[in-house]
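J.: give me a model of this one.
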Amino acid sequence: MIRNIGIMAHIDAGKTTTTERILYYTGENHRIGEVDNGEATMDWMQQEQDRGITITSAATTCYWKGHQINIIDTPGHVDFTAEVERSLRVLDGAVAVFCAVGGVEPQSETVWRQADTYKVPRVAFINKMDRLGADFFAVIEEIRKKLGANPIPLFIPVGSENSFSGIIDLVRMKMLTFSENDNGSTISELPIPDDMQEAADEWHEKLIDSTASFSDEITELYFEGKEIPEDLIYSTLRKATIDRLAVPAFVGSSLKNIGVQCLLDGIIRLLPSPEDIAPAEAYDRKKDRTVEISYKDKELEALIFKIQVDPQAGAMCFVRVYSGVLKKGISIYNATKGKKERVNRLLRMHADRYEELSEIRAGDIGVIIGFKMAQTGDTLATEQAPYLLENMVFPKPVISIAIEPRTTDAQEKLKKALEIFAMEDPTFTYKDDAETGQLIISGMGELHLDVLVTRITKEMKIDARVGNPQVSYRESIRGEAELSEDFSRQIAGKENTAGLRIAVRPNEQGKGNELIISAKTRDIPPEIVDAIKMGIEGAFSSGIKFGYETTDIIADVKEIRYDELTSTPFAFTSCASLTFDKACQEAGAVLMEPIMKVQAVSPSEYIGDVISSITQRGGIVESMESRTSGDVVSALVPLEKMFGYSTVLRSSTQGRGSFSMEFSHYQEKI
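T.: Have a look, this model is predicted:
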């Protein structure tokens, strides 16, 4: 009776508006909050209300027809991709919202890929059918072609744009209209209008045909000309959805209160409960093996997927329980940290409101208060079975700015604020630059850092100055090199020796750094091998020539010269770092810059100016396509050249152009 679902989509497809309607119809809210006037329940942060966008993934719980639905409303902007990533990690199903005008937009493709990675079953909701240029059937085709999915419409719209008045249920072959007087709460069933009968019959046939491909029983009934029961259609589609072979499609307009209750029915009838999903995989460190965590297991297994710091309550750890029961007041084992912590309080969240709980059962999502050391991605378990759930991998920051407090008083406050942000957001980092003495903060894009800086200066009232954005460069190598090095140092009268031969070569683009130890290690103590790894991994992050982190380098330790009388772990750490550095310098160190995948949308009359503004920035145009919402240009552009691009794009398209960008890869800076 539980559904854990996420609402995901491109920016401005109407995720938050759809969630607001769901909360209204399920009785969780007694009035509808609109995004445009800053009253949306799920956009509870001041920043979200001011900007009209979702920044953090807000969690809430509502009830529909006896089922509990835990909803996470995720951001659409690519700068907040970590919020989507960590939500999908713990969800059982998702609703992908598409704009009937924009169709499959750049960020829709990104979140779709993320959902594929985590094997999340989906249903599609084609929203904004009342907008000018809305085309339901074109969006269905785009989902098929661009996302490689198998969309199966269960409803089709009656009219579009201004004439959009209702939807046709293709299973029951009825027209549904939603009253305007009570925000669409009263649904009327009517016969299908004559002018829609032909289209309804055609799409009903397609629905039966698609469903029959998953069920022999439906095929037999169809050929015998018998009535196919509604329950059989839904149970077949449910299995196909959970197996990720079908994407049932719904249609409506959240703003006009049309079609949301049908989507709610679909969430319950088609998306999986925690019992339906495959067991979670965990790692048993003691026995070095993979174990399966089933929903029915008695031992506790839970994952902290998000941390939010509340000024009053402290760290709020959002947790998904995979097995067992999490109870208030008990001490619990953090398997990742190897430490015990106490559960002071358990809460169920409703955006920024909450209710107290005494326990959270398997399959449910809730919040723990009272943890001191927890971080995003930590596994909670028992000491008897301290299995580790698969950790989350987040993208590295690509853009940095210098920030400095104006007064000494603000310095302490700023450090505390940055600690909180780093705890809440795994894609945000900060460090003191040893050379310039500046405090550098890094994030996923200009908007990401802009939001954080506004929170520092406005919400936390910290007086700080901000520098211009800087690009996070990396270093790599051009060629191959192999080097042998001996290390000998007298420390406190004791000799420390080590000898290594290390080969370095470039790795495939985007694969990152790789450490291989091909030397024989049978007679080498494990602490020496660990010391070599530590030395090379330290060298990976400290750079070769310019002091930037390295990327795409394979370091292969070919020979370890160990003397049991004089060799020490310290000597091998130093020797590994030194040998790696020298080998990389011989192989030819190069500076790498981040290249962004940019998608710019503009009315056709300005597309020439848009292409020229991209090529002037050293961009390579990869493709161009026409859509109802305008022409879309896809290009690869160095991040360094993209600062301030939104202003340029707006002025060359009379304010009608927009763009999104995400990190693609690092390449040699020319």
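J.: who touches Val466 in this structure?
T.: Residues near Val466 by C-beta atoms under 8 Å, 6 or more residues apart in numbering: Ile401, Ala402, Ile403, Val453. Backbone N, C-alpha and C define where each C-beta goes, glycine included.
J.: one more pass at 10 Å, please.
T.: Val466 is in contact with Ile401, Ala402, Ile403, Glu404, Ile441, Leu449, Asp450, Val453, Ile456, Thr457, counting by C-beta atoms under 10 Å, 6 or more residues apart in numbering.
J.: for Lys226, same thing?
T.: Glu220.
J.: what subset of the contacts of Val466 is buried?
T.: By neighbour count, with 16 or more other C-beta atoms under 10 Å, the contacts of Val466 hold Ile401, Ala402, Ile403, Ile441, Leu449, Asp450, Val453, Ile456 as buried.
J.: with those residues in mind, which one is nearest to Asp530?
T.: Ile441 (32.2 Å; C-beta to C-beta).
J.: just checking: what are the partner strands of the one helix or strand the closest one maps to?
T.: Assigned by DSSP states H and E, Ile441 falls within strand 439-443. Paired neighbours of strand 439-443 in the sheet (DSSP bridges): strand 399-405 (antiparallel), strand 429-432 (antiparallel).
J.: now the ones you listed as JSON lines including distance to Ala381 and mean pLDDT?
T.: Listed next are the strands paired with strand 439-443 as JSON lines, based on distance: least, C-beta to C-beta, whole Å; pLDDT from 0 to 100:
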{"stretch": "strand 399-405", "distance to Ala381": "37", "mean pLDDT": "84"}
{"stretch": "strand 429-432", "distance to Ala381": "28", "mean pLDDT": "85"}
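J.: out of these, nearest to Ser646?
T.: strand 399-405 (14.1 Å).
J.: any idea how far the closest one is from the chain center?
T.: Distance of strand 399-405 from the chain centroid (C-alpha atoms, centre = their mean, to the nearest Å) equals 25 Å.
J.: try stretch 336-343
T.: 26 Å.
J.: quick check: end-to-end length of that stretch?
T.: For stretch 336-343, the first-to-last residue distance is 17 Å (C-alpha to C-alpha, to the nearest Å).
J.: so where's the stretch 1-150 of the chain shaky on pLDDT?
T.: Low-confidence segments of the stretch 1-150 of the chain (pLDDT under 70): 28-58, 75-81, 106.
J.: please read the previous query as pertaining to the chain.
T.: For the chain (pLDDT under 70), the answer is 28-58, 75-81, 106, 351-352, 392, 434-436, 628-629.
J.: can you pull out the strands in the stretch 1-150 of the chain?
T.: 2-9, 58-64, 67-73, 93-99, 122-127 (DSSP state E, counting those that start in this stretch).
J.: now, the most widely separated pair of the contacts of Val466?
T.: Counting by C-beta to C-beta, the most remote pair of those is Glu404 and Asp450, 17.1 Å apart.
J.: hey, what's Ile307 bridged with?
T.: Beta-bridge partners for Ile307, by DSSP bridges, are Cys317.
J.: my bad, Ala481
T.: With DSSP bridges as the rule, Ala481 is bridged to Val504.
J.: pull the contacting residues for it.
T.: So Ala481 contacts Ile502, Ala503, Val504, Arg505, Lys582, Ala583, Cys584, Gln585, Glu586, Ala587, Gly588 (C-beta under 10 Å, 6+ apart).
J.: okay, the contacts of Val466 in a markdown table with distance to Gln599 next?
T.: Shown next, in a markdown table, are these (distance: C-beta to C-beta, whole Å):
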| residue | distance to Gln599 |
| --- | --- |
| Ile401 | 24 |
| Ala402 | 30 |
| Ile403 | 30 |
| Glu404 | 35 |
| Ile441 | 27 |
| Leu449 | 21 |
| Asp450 | 20 |
| Val453 | 26 |
| Ile456 | 30 |
| Thr457 | 31 |
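J.: tell me which of the residues you listed is nearest to Asp631?
T.: Of all these, Asp631 sits closest to Asp450, with 27.6 Å by C-beta to C-beta.
J.: who are the packing partners of the helix or strand containing the closest one?
T.: Applying DSSP H and E as the criterion places Asp450 in helix 446-454. Helix 446-454 sits against helix 46-51, strand 399-405, helix 408-424, strand 439-443, strand 464-466, helix 645-652, with contacts defined as 3 or more C-beta pairs under 10 Å, 6 or more residues apart in numbering; DSSP states H and E.
J.: distance from it to the middle of the chain?
T.: Distance of helix 446-454 from its chain centroid, counting by C-alpha atoms, centre = their mean, is 18 Å.
J.: hang on, the earlier thing: with distance to Ile69 added, can I get the strands paired with strand 439-443 in a markdown table?
T.: Compiled in a markdown table, the strands paired with strand 439-443 are given as follows (distance: least, C-beta to C-beta, whole Å):
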| stretch | distance to Ile69 |
| --- | --- |
| strand 399-405 | 37 |
| strand 429-432 | 35 |
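J.: ok, which of those comes nearest Asp92?
T.: Distance to Asp92, taken as C-beta to C-beta, is lowest for strand 429-432 among the strands paired with strand 439-443, at 31.1 Å.
J.: what does the closest one rub up against?
T.: 396-397, 400, 403, 414-415, 417-419, 421-422, 438-443, 452, 472.
J.: now list the buried members of those.
T.: Neighbour counting over those (16+ other C-beta under 10 Å) leaves 397, 400, 403, 414, 417-418, 421, 438-443, 452, 472 as the buried ones.
J.: now, among those residues, which is nearest to Arg465?
T.: Closest to Arg465, out of all of those and judged by C-beta to C-beta, is Ile403, at 7.2 Å.
J.: residue contacts, the closest one?
T.: Contacts of Ile403 by C-beta under 10 Å, 6+ apart are 414, 418, 430, 438-441, 449, 452-453, 456-457, 462, 464-467.
J.: nearest residue to the residue nearest the centre of the chain in space, please, no chain neighbours.
T.: In the chain, the residue lying closest to the centroid (C-alpha atoms, centre = their mean) is Glu85, at 2.1 Å. Nearest residue to Glu85, sequence neighbours excluded (C-beta to C-beta, 6 or more residues apart in numbering): Gln114, at 5.8 Å.
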